[in-house]
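Asks: what follows is a predicted protein model with its sequence.
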Amino acid sequence: MEKDILKSERVDDGLREFFVGIYKWMTAGVALSGLMAWLVINTNYFSFIFENKTMSYGLAGIELLLVLGVQFMINRIKPSTAGILFFLYAAITGILSSVLFVIFNLGSVITIFVATVIIYGLLAAIGYSTKRDISGWGTFLSVGMIGVIISSVINMFLHSSLMEMIISAVAVLVFAGFTVYDHQSYKKIYDLIKHNGEEVERYTVLGALHMYMNLIVMFQNLLSLFGERE
């Protein structure tokens, strides 16, 4: 009985360390994004990037390739390589997100970001602590995400403000769901890889990527819905 208790405590400590690692990487990624956005806004690079469609679309394409690369090659790349790709993704996201500081009032950006972090924290706590199996959410949320991406591309040509609001609202709901879902999923993933240190390192980075995306997408779309424009 005593051995079982000690074993359970060691597993819990390992799981906590796994999530602490995920959040260290995620926090570093968010900080890097903020730094890159600040640098772009305060240099001549802003006009160079956003007045040149080839440049801005090219960066968005690289951003997408990085997400897919880390996602699908996580078992074939070194943890250090995964980390570099994650930081590169966070840097590009920061560059592209710099436009938000031009469109929206700075006070509004800060307020919405703080609100997003609070909402995210509550959702994360639910996902981490819930005993209910929510693995069935995965397919539904993935379909919702694909729908948001396709609708966003279509609206690039339609320029419909109503459609933009609907897309933003759906995106917030979808990535709020992913926040809960991912926290439970990574608890299960840790259970499978906990005896393999390199795998734990790899999935720490992948987990950080997923958590980072959930937070940033929720922030961007909440800002689109409730932010005060300049």
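Replies: Looks like it arrived, so ask away. Nothing here was measured: the structure is a model prediction, and the numbers come from that model. Numbering: from 1, shown residues only.

Asks: could you use CA atoms for every contact and neighbour count after this?
Replies: Noted.

Asks: grab the longest helix from this structure for me.
Replies: helix 2-41 (DSSP state H).

Asks: could you give the average pLDDT over that one?
Replies: Averaged across helix 2-41, pLDDT comes to 83.

Asks: quick check: next helix or strand after it?
Replies: helix 45-50 (DSSP states H and E).

Asks: tell me which residues in that next one are buried?
Replies: Phe46, Ile49, Phe50 (16 or more other CA atoms under 10 Å).

Asks: how near is Ile119 to Met218?
Replies: Separation of Ile119 from Met218 (CA to CA, to the nearest Å) stands at 9 Å.

Asks: neighbour count: those two, which is higher?
Replies: Neighbour comparison, Ile119 and Met218: the larger count goes to Met218, with 27 against 14 (by other CA atoms under 10 Å).

Asks: which residues touch that one?
Replies: Listed by CA atoms under 8 Å, 6 or more residues apart in numbering, the contact partners of Met218 are Thr116, Ala171, Val172, Phe175, Ala176.

Asks: want to throw those residues into TSV with secondary structure, neighbour count and pLDDT?
Replies: Listed next are these as TSV, based on DSSP: H, G, I helix; E, B strand; the rest coil; neighbours: other CA atoms under 10 Å; pLDDT from 0 to 100:
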residue	secondary structure	neighbour count	pLDDT
Thr116	helix	20	98
Ala171	helix	24	96
Val172	helix	20	97
Phe175	helix	25	97
Ala176	helix	20	97
